[in-house]
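A.B. asks: what would the 3D arrangement of this be:
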Amino acid sequence: MPIKYSSKKTQRFYFMKDNKETSLVLIYGDEVETVSGASFKGSDHIKVKYRGRVGALKKFNTGPALMGTRALETYFLDVGQGDAAFIVTPNGTKILVDGGITHSTAEFLIWKYRLDRDGNKLVIDHMFLSHADQDHVKGLIPILLHDKIEVKHIWHNGLGLFSAGFNQKLGQVNDGILETHHDTLDDLDGLTLTSTFKNWTNAVRAQGATYRALDNSMPPLDVGDPAISLEIVGPRRESNGNFKWLNGHSHTINGHSLMFRLVHKHVRFMFSGDANIEGGEHQMAQPGAGLRFDSHVLKSPHHGSHEFYFPFLRAVRPLISVVSSGDSPDHGHPRASFLGALGRAGRSEHHLLFSTEIAATFGVDKKNPIVLPEPADDMDDSLRYSDSALNSEARQRFIKKLSGIINVRSNGTELYAARRVTASYQWESYDAIDVTEFG
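C.D. replies: As a prediction, the model looks like this:
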């Protein structure tokens, strides 16, 4: 039966579970399959299937709130202190940008595409590694090694990590220039790589995907969807193809992140890796650079670090910003100074600013309570953990009930943003933003 997509900000999908009626809330762009026959909700509803469940959607005027064209879907994933984003374009092309440091990205893909079920497989058309720090690359390794996931093309910023052979971990630096870089895996043959980077390259070889470096001198990348233009805006190399050394290892690998702008009709998304002060200055030094960054949605640089370059944020001028951060290790991200600057840089009085860490929901784990030691005999009764109801929560563990995944979807003119909540309405969702009103 025909595949359709939700065309409303939110709408309820009703179904039967254990002989009781229950419901889920669909957001703009969610996929359903229309099913022939009458729905159990009567003639004012249409019968559909959603994620394997057969149920009903309410009709509005002459029919249900469904459209025949897939929206551009972006998922900014909750991977703790790290980065990961997943994109599905209007023709179904799948793009993964970074993977965090844990298995969280793999777990999301297994859930979304039901890879735990026999026969289900996933093809990722493009995988982007912004740079090789662990909180971006490590979570990509189990995806490459998964027997139900095929990755066709892998793109990177050209910087590797080495444990010996050079005067810096990134390679050989002379007179303020990083001379060591690579394009293909063959360029790394015979070099001594760090353990994580070696595991990464081994996984790439095992997967068999193409593996190439990108920089901002190159034309837009053809991702296989004519509705999408993907413009490489970073890293910026020197005229001889080498990289400027940006005052230290971390500043250099972050500042030369692979960055791109994804354009769908009128809508522009900026994926900024871990761009920092030095990298931002280096990028903005190019004539007309600001126009290349101008975007409606920003994957915020470097987890909301204090090491941001405000002219870069002002050049982007986002309507929607997403910070990907976590509390382990605890760097205090997102920093208050960054959030304030991001708010000032936006192009709207109603700038939507999301954080995956803040969006995550935690609750008490009553199955595994923490047993604290008894207080001293001379302690006031109100502080006795074993006796005082006031301190009962201190004996509980907390578990993550909802991941802080941020959804931003678009038809090329409007933006819809939402995240899951535990309230009965299920989604914190926002009215459509028409980007043509903001330039």
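
A.B. asks: domain parsing for the protein?
C.D. replies: Residue ranges for the domains of the chain, per automatic domain parsing: 3-67, 72-358+403-437, 361-402.

A.B. asks: mind putting those domains into a markdown table with mean neighbour count and mean pLDDT?
C.D. replies: No exception for glycine: its C-beta is placed from N, CA and C like everyone else's. What follows is the domains of the chain, written out as a markdown table (neighbours: other Cβ atoms under 10 Å; pLDDT from 0 to 100):
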| stretch | mean neighbour count | mean pLDDT |
| --- | --- | --- |
| domain 3-67 | 16 | 93 |
| domain 72-358+403-437 | 19 | 93 |
| domain 361-402 | 11 | 62 |
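
A.B. asks: contacts for the longest helix along the chain?
C.D. replies: If you go by DSSP state H, the chain has its longest helix at helix 195-207. With contact meaning Cβ atoms under 8 Å, 6 or more residues apart in numbering, helix 195-207 is reached by 129, 132, 134, 137-138, 140-141, 144-145, 150-151, 154, 160-163, 185, 188, 193, 211.

A.B. asks: try it again with 7 Å
C.D. replies: With Cβ atoms under 7 Å, 6 or more residues apart in numbering as the test, helix 195-207 has contacts from 132, 134, 137-138, 141, 144-145, 151, 154, 160-161, 185, 188, 193, 211.

A.B. asks: among those, which lie within helices?
C.D. replies: 134, 137, 141, 144.

A.B. asks: and the longest helix of the chain, how far from the chain's centre?
C.D. replies: 22 Å (Cα atoms, centre = their mean, to the nearest Å).

A.B. asks: hang on, the earlier thing: what is the nearest of the ones in helices among the contacts of helix 195-207 to Arg335?
C.D. replies: Taking Cβ to Cβ as the measure, Arg335 lies nearest Gln134 of the ones in helices among the contacts of helix 195-207, at 20.8 Å.

A.B. asks: helix or strand for Gly280, which one?
C.D. replies: Assessed by DSSP states H and E, Gly280 sits inside helix 277-284.

A.B. asks: name the helices or strands packed onto the very next helix or strand once past that helix?
C.D. replies: Tracing the chain past helix 277-284, the next element assigned as helix or strand by DSSP H and E is helix 289-293. Contact partners of helix 289-293 among helices and strands, from 3 or more Cβ pairs under 7 Å, 6 or more residues apart in numbering; DSSP states H and E: strand 228-234, helix 310-316.

A.B. asks: tell me what the helix or strand just after helix 289-293 is packed against?
C.D. replies: In the C-terminal direction, the helix or strand that comes right after helix 289-293 (DSSP H and E) is strand 297-299. When contacts are defined as 3+ Cβ pairs under 7 Å, 6+ apart, strand 297-299 packs onto strand 267-271, strand 320-323.

A.B. asks: so which of those comes closest to Leu339?
C.D. replies: strand 320-323 (7.8 Å).

A.B. asks: please name every helix or strand in contact with that closest one.
C.D. replies: Where contact means 3+ Cβ pairs under 7 Å, 6+ apart, strand 320-323 is packed against strand 297-299, strand 352-355.

A.B. asks: give me the sheet partners of that strand and which way each runs.
C.D. replies: Strand pairing for strand 320-323, using DSSP bridges, gives strand 297-299 (parallel), strand 352-355 (parallel).

A.B. asks: now that strand: how far from the chain's centre is it?
C.D. replies: 10 Å.

A.B. asks: now do that strand: everything it contacts.
C.D. replies: Residues contacting strand 320-323 (Cβ under 7 Å, 6+ apart): 76, 296-300, 303-304, 334, 342, 351-356, 406, 408, 415, 417.

A.B. asks: please repeat the previous calculation with a cut-off of 8 Å.
C.D. replies: With contact meaning Cβ under 8 Å, 6+ apart, strand 320-323 is reached by 76, 296-300, 303-304, 333-334, 338-339, 342, 346, 351-357, 406, 408, 415, 417, 433.

A.B. asks: the helix or strand that it is followed by packs against which elements?
C.D. replies: Proceeding N to C from strand 320-323, the next assigned helix or strand is helix 336-345, under DSSP H and E. Under the contact definition 3 or more Cβ pairs under 8 Å, 6 or more residues apart in numbering; DSSP states H and E, helix 336-345 sits against helix 310-316, strand 320-323, strand 352-355.
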